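S.K.: quick one, what's the 3D model for this:
(one chain, ligands or ions: 2)
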Amino acid sequence: MLLGCIGDDFTGSSDLANTLAKGGMRTVQYTGVPNVPAAQDVQAGVVALKSRSIDPSEAVTQSLAALEWLRAQGCEQIFFKYCSTFDSTPEGNIGPVADALADTLAAHKVIVCPAFPGTGRSIYQGHLFVKDRLLNESGMQNHPLTPMTDSDIRRWLGLQTRHTVGHVPAQAVFDGAARISEVLEAEHEAGHRHIVVDAIHDSDLIEIGKAAKGLPLITGGSGVALGLPANFGCKASEVPWQGQSGKALALSGSCSAATRSQVALHAAHHPSREIAAASVIEGRLTPQEVADWLLDQSGLPLAYSSADPDAVAAVQAQFGRDRSSKALETFFAEVARLAVAGGATRIITAGGETSGAVVEGLALGSLEIGPEIDPGVPALRAGSDLVVALKSGNFGAEDFFEKAGRVLAGTA
Ligand SMILES: Nc1ncnc2c1ncn2[C@@H]1O[C@H](COP(=O)(O)OP(=O)(O)OP(=O)(O)O)[C@@H](O)[C@H]1O
Ligand SMILES: O=C(O)[C@@H](O)C(=O)CO
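M.R.: Ligands and ions are numbered 1, 2, ... in the order given. Next up, the predicted model:
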């Protein structure tokens with residue numbers, strides 16, 4: 001293995017794996033830290049953790065375990081993947097995990113670059129934008145778990161790390177890899193360990209990638225991985241994919257605006273069933289009932305609990321946030337398990353936490369990376385007759401579900 005990656009959630013890990021596979025690296029995503037060695041031909045391994053919103057010390061422990069396994073596979077460079085909207089609180093988890101990885105790897109000049117221009121995330125003057133809005137005015141300031149109330153990534157990371165945070169400004173990035181390396185070195189000499197690097201275009205990320213050659217640790221969104229495959233002699237290529245026939249279904253527990261419009265469009269043309277959160281939490285609806293319904297439908301049926309912010313707030317006020325989230329995640333995981341046991345072969349999930357629960361519920365060990373469905377979302381092969389797509393809440397075009405069904409089937 002050449003490049004070892006640690007992702008702080010499951011959909012984000014598949015986003016990174018997608019970028020590396022498109023760049024020509026033979027890439028595998030692992031669910032948690034494997035207890036067996038990787039296959040010899042894997043060039044990039046992504047260990048997917050569910051560590052974004054857990055206790056920081058537990059996130060550090062899990063990330064160090066992933067690091068140990070990746071180093072045992074011979075990795076030459078480590079990539080720590082977090083969200084392109086830098087989802088974290090002032091207490092962590094990005095800073096504590098980056099500190100621990102940097103210490104273990106004796107890494108300095110640690111690049112911090114959440115930019116992902118393909119989905120509208122850019123960094124300018126150290127500030128993160130989502131399309132034309134500063135991060136803290138983009139809606140992310142209201143995120144239920146990690147409200148992002150400051151778009152200055154230097155300042156936000158500064159609250160989380162033991163080290164000072166440097167900066168490579170856009171002007172240096174526009175001048176190319178040699179200049180980026182010079183500024184990284186100058187920031188290192190000035191005593192900064194983590195260094196936020198501006199990036200607006202994919203071409204900036206390619207130059208940052210070149211400047212990252214040989215650095216032990218890189219951190220960021222999937223965008224900054226665009227330039228890495230070339231450092232290992234890999235060339236962009238079509239990702240091989242054997243489509244999967246058979247029963248397809250979609251499950252959505254994501255309540256993001258993007259997912260809600262995808263759900264609305266899909267529901268207008270396909271069998272769709274809304275799952276009322278209260279009936280799940282109070283045990284009035286069973287996973288078996290929903291799995292049976294999904295298996296009985298033709299085409300690409302969808303079961304969703306996706307609801308608007310007011311409805312979610314009302315459920316959380318009545319039952320508590322953790323209880324409602326946990327109940328719905330467990331429910332979707334069990335629906336997926338029963339549906340696969342009943343013959344489903346193509347599963348599409350929406351929402352990071354929801355997808356993580358489903359992947360764990362299905363006990364999927366390693367996932368082979370297939371072609372991209374929409375930016376940041378690849379098709380994944382989970383077994384000889386099971387393929388999945390895990391969509392981050394904010395990702396995907398309006399017709400995502402239909403498109404995912406086609407790509408998974410190999411008929412796109
Ligand atoms: N109707 C609902 N009422 C209350 N909570 C809900 C409802 N539907 C889903 N949830 C919970 O909201 C959370 C949604 O998080 P999830 O990570 O799955 O989606 P997301 O936040 O849109 O995606 P991402 O993390 O990729 O941005 C889950 O814990 C889910 O169980
Ligand atoms: O970087 C992103 O935005 C995604 O890969 C992700 O991590 C969303 O949860």
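
S.K.: strand partners of the longest strand that the chain contains, parallel vs antiparallel please.
M.R.: Identified as the longest strand of the chain according to DSSP state E is strand 366-374. Take DSSP bridges as the rule and strand 366-374 pairs in its sheet with strand 27-31 (antiparallel), strand 377-383 (antiparallel).

S.K.: of all those, which one is nearest ligand 1?
M.R.: strand 377-383 (10.4 Å; C-beta to the nearest ligand atom). Glycine gets a C-beta too; all of them are placed from N, C-alpha and C.

S.K.: nearest to ligand 2, of the strands paired with strand 366-374?
M.R.: Across those, closest to ligand 2 is strand 377-383 (C-beta to the nearest ligand atom), at 8.9 Å.

S.K.: touching the longest strand of the chain from outside, list them.
M.R.: With contacts defined as C-beta atoms under 8 Å, 6 or more residues apart in numbering, strand 366-374 is touched by 14, 17-18, 20-22, 27-31, 34, 238-241, 378-382, 387-389, 391, 395-397, 400, 403-404, 407, 412.

S.K.: could you check how far Pro117 is from ligand 2?
M.R.: Computed as C-beta to the nearest ligand atom, to the nearest Å, the Pro117 to ligand 2 distance reads 12 Å.

S.K.: ugh, wrong one, I meant Val168
M.R.: 20 Å.

S.K.: still on that earlier bit, give me the buried entries from the contacts of strand 366-374.
M.R.: 14, 17-18, 20-22, 27-31, 34, 239, 241, 378-382, 387-389, 391, 395-396, 400, 403-404, 407 (16 or more other C-beta atoms under 10 Å).

S.K.: touching, Ala236 and Leu20? I think so.
M.R.: No - with contact defined as C-beta atoms under 8 Å, Ala236 and Leu20 do not form a contacting pair (10.8 Å).

S.K.: where do the contact lists of these two overlap?
M.R.: Contacts common to Ala236 and Leu20, judged by C-beta under 8 Å, 6+ apart, are Pro229.

S.K.: who in this structure is up against ligand 1?
M.R.: 11, 253-256, 259, 277, 305, 307, 311-312, 315-316, 324-325, 328-329, 351-354, 392-394 (C-beta under 6 Å from any ligand atom).

S.K.: so for the longest strand of the chain, mean pLDDT?
M.R.: For strand 366-374, the mean per-residue pLDDT is 95.

S.K.: okay, the strands paired with strand 366-374 in a markdown table with distance to ligand 2 and mean pLDDT next?
M.R.: Listed next are the strands paired with strand 366-374 as a markdown table, based on distance: least, C-beta to the nearest ligand atom, whole Å; pLDDT from 0 to 100:
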| stretch | distance to ligand 2 | mean pLDDT |
| --- | --- | --- |
| strand 27-31 | 12 | 96 |
| strand 377-383 | 9 | 97 |
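
S.K.: for whatever residue of the stretch 251-400 of the chain ends up closest to ligand 2, which non-adjacent residue is spatially closest?
M.R.: Nearest to ligand 2 in the stretch 251-400 of the chain, going by C-beta to the nearest ligand atom, is Ser392, at a distance of 3.6 Å. Excluding the flanking residues, the one nearest Ser392 by C-beta to C-beta, 6 or more residues apart in numbering is Thr11, at 4.2 Å.

S.K.: again with Ala344
M.R.: Leaving aside its chain neighbours, Ala344 sits nearest to Lys247 (4.6 Å; criterion: C-beta to C-beta, 6+ apart).
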